[in-house]
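Student: Structure for the following, please:
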Amino acid sequence: MSPSCATLDSGIGHRKTLPKGRSQTSPYSKPEASKGTSSGGLAGVVAGESAICTVALGSGLNYRGYNVVDLAREATFEEVVHLLLLGDLPNHQQLASLKHKLFRARQLPPQLLAVLRQIPKEAHPMDVLRTACSFMGTVHPECNPSQQQVDIAIRLIGGFGGALNYWHHFANSGKEISLVSDPEDSVAMNFLKLMNGDPAFKPHPVVAKTLDVSLILYAEHDFNASTFACRVTAGTRSDMYSCICSGIGTLKGPLHGGANQAALEMMLPLTSTEKAKQRLEEAFARRELIMGFGHRMYKQGDPRAPLMRRLAEALAAARLPDSDPELRGAQSVERVAPKDTDAGYSAPGAVLRLQQDYANT
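Tutor: Numbers count the residues shown, from 1 in each chain. Down below sits the predicted model:
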């Protein structure tokens with residue numbers, strides 16, 4: 001099959017409404033800096049402005065003016081994808097159109113499947129995603145940047161779950177899972193079915209909701225390291241696949257997305273407050289960096305974390321009667337370090353029992 005360039009369509013109708021806050025300039029994108037002074041790294045450097053996502057002190061995290069917690073409670077990940085990519089929450093017809101495009105994107109090119117079968121099981125899932133993204137750029141190359149960017153984003157969002165799970169099953173068991181899916185399935189529901197390896201598998205609704213909310217809360221974060229890396233690559237007028245590969249490589253780093261995985265690995269053995277206190281005191285005595293604690297912008301705690309904690313508790317109650325140790329680990333760490341951020345995200349991951357390496361994908 002030769003490389004092809006495709007453009008997808010859209011629809012019209014009535015949009016869901018949510019309270020929309022005033023657009024703000026993010027401290028990440030336009031910080032205050034003293035003239036004639038310099039500091040380490042890029043602190044105090046104006047990197048740019050964005051209307052897509054703002055992280056502002058005292059007002060939390062907003063996607064195009066909508067509070068992310070409101071979106072997580074009232075919208076689906078697919079609706080948030082439309083908001084971020086196209087600027088507005090979708091009406092019914094637009095949402096149906098987007099879901100159809102995501103459904104079509106789940107069928108991966110056979111050339112990509114052949115590549116995925118060559119990746120060893122020891123590979124990190126982030127490396128698998130980076131490889132899949134890069135290879136997709138050779139099968140469906142960017143020919144007209146101004147018209148293809150949304151289509152490429154949809155193709156990657158729809159295909160990443162299949163690529164990751166196809167590799168995982170084949171690398172660990174030699175099984176080639178079917179990528180045939182239900183067109184009505186959400187991105188989260190489809191991912192859980194693929195992870196199980198059975199298209200007929202029916203995830204618990206609370207599990208699907210938890211993953212959907214997690215995708216929403218992690219969909220954007222202004223000028224963080226990975227999105228900034230994407231912007232640097234885009235600034236050279238490179239293609240979109242290269243930009244996303246730059247972002248994935250940056251997100252993999254232990255000081256960025258890898259903090260989630262590290263927080264999860266730390267929490268799993270900590271099934272009591274005493275164990276958590278002992279572990280953290282030992283780390284503090286060694287002046288050891290504790291992943292998942294503190295945030296440059298959220299000095300009083302990440303506004304997204306409470307919602308994820310509640311979902312973790314709902315998961316433990318509804319789906320996994322034997323998941324209490326995982327949840328206790330997260331709760332124990334929270335008691336000792338209540339301003340923790342990524343550890344709060346890792347609690348649902350622990351209860352979902354997702355492979356630990358999946359935690360920062």
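Student: all helices of the stretch 251-361 of the chain, in order?
Tutor: With DSSP state H, counting those that start in this stretch as the criterion, the stretch 251-361 of the chain has helices at 258-267, 273-285, 305-318, 324-336, 342-352.
Student: mean pLDDT for the ones you listed: which is lowest?
Tutor: Of all those, the minimum mean pLDDT falls on helix 342-352 (a mean of 48).
Student: In this protein, which helix is the longest?
Tutor: helix 145-173 (DSSP state H).
Student: Tell me which helix or strand comes right after that helix.
Tutor: Towards the C-terminus, the helix or strand next in line after helix 145-173, according to DSSP states H and E, is helix 187-196.
Student: Counting neighbours, which bits of the longest helix of the chain end up buried?
Tutor: By 16 or more other Cβ atoms under 10 Å, the buried positions in helix 145-173 come out as 148-171. Every C-beta, even on glycine, is put in place using the N, C-alpha and C of the backbone.
Student: Mind giving me the packing neighbours of that helix?
Tutor: Applying 3 or more Cβ pairs under 8 Å, 6 or more residues apart in numbering; DSSP states H and E, one finds that helix 145-173 makes contact with helix 77-86, helix 92-105, helix 110-116, helix 125-139, helix 187-196, helix 240-251.
Student: how about TSV for the ones you listed, with mean neighbour count and mean pLDDT added?
Tutor: TSV is the format used below for the helices and strands packed on helix 145-173 (neighbours: other Cβ atoms under 10 Å; pLDDT from 0 to 100):
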stretch	mean neighbour count	mean pLDDT
helix 77-86	21	98
helix 92-105	18	98
helix 110-116	16	98
helix 125-139	20	97
helix 187-196	22	95
helix 240-251	22	97
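Student: And those helices: which comes nearest Asn224?
Tutor: Closest of the helices and strands packed on helix 145-173 to Asn224 is helix 240-251, at 8.8 Å (criterion: Cβ to Cβ).
Student: between the closest one and helix 258-267, how big is the angle?
Tutor: Angle, helix 240-251 to helix 258-267, by axes from the mean of the first three to the mean of the last three Cα atoms, to 10 degrees: 40 degrees.
Student: Which other helices and strands does helix 240-251 contact?
Tutor: helix 125-139, helix 145-173, helix 225-235.
Student: so which of these comes closest to His82?
Tutor: The nearest among those, by Cβ to Cβ, is helix 145-173 at 9.7 Å.
Student: which parts of stretch 216-229 are buried?
Tutor: For stretch 216-229, burial by neighbour count (16+ other Cβ under 10 Å) applies to 216-224, 226-229.
Student: Span of that stretch from start to end?
Tutor: Using Cα to Cα, to the nearest Å, the end-to-end distance of stretch 216-229 comes to 21 Å.
Student: what does stretch 253-273 give?
Tutor: Stretch 253-273 has an end-to-end distance of 29 Å (Cα to Cα).
Student: and that stretch, how far out from the chain's middle?
Tutor: Computed by Cα atoms, centre = their mean, to the nearest Å, the chain-centroid distance of stretch 253-273 equals 16 Å.
Student: Could you figure out how far the helix or strand containing Val207 is turned away from helix 77-86?
Tutor: Assigned by DSSP H and E, Val207 falls within helix 205-217. Counting by the same axes, to 10 degrees, helix 205-217 lies at 10 degrees to helix 77-86.
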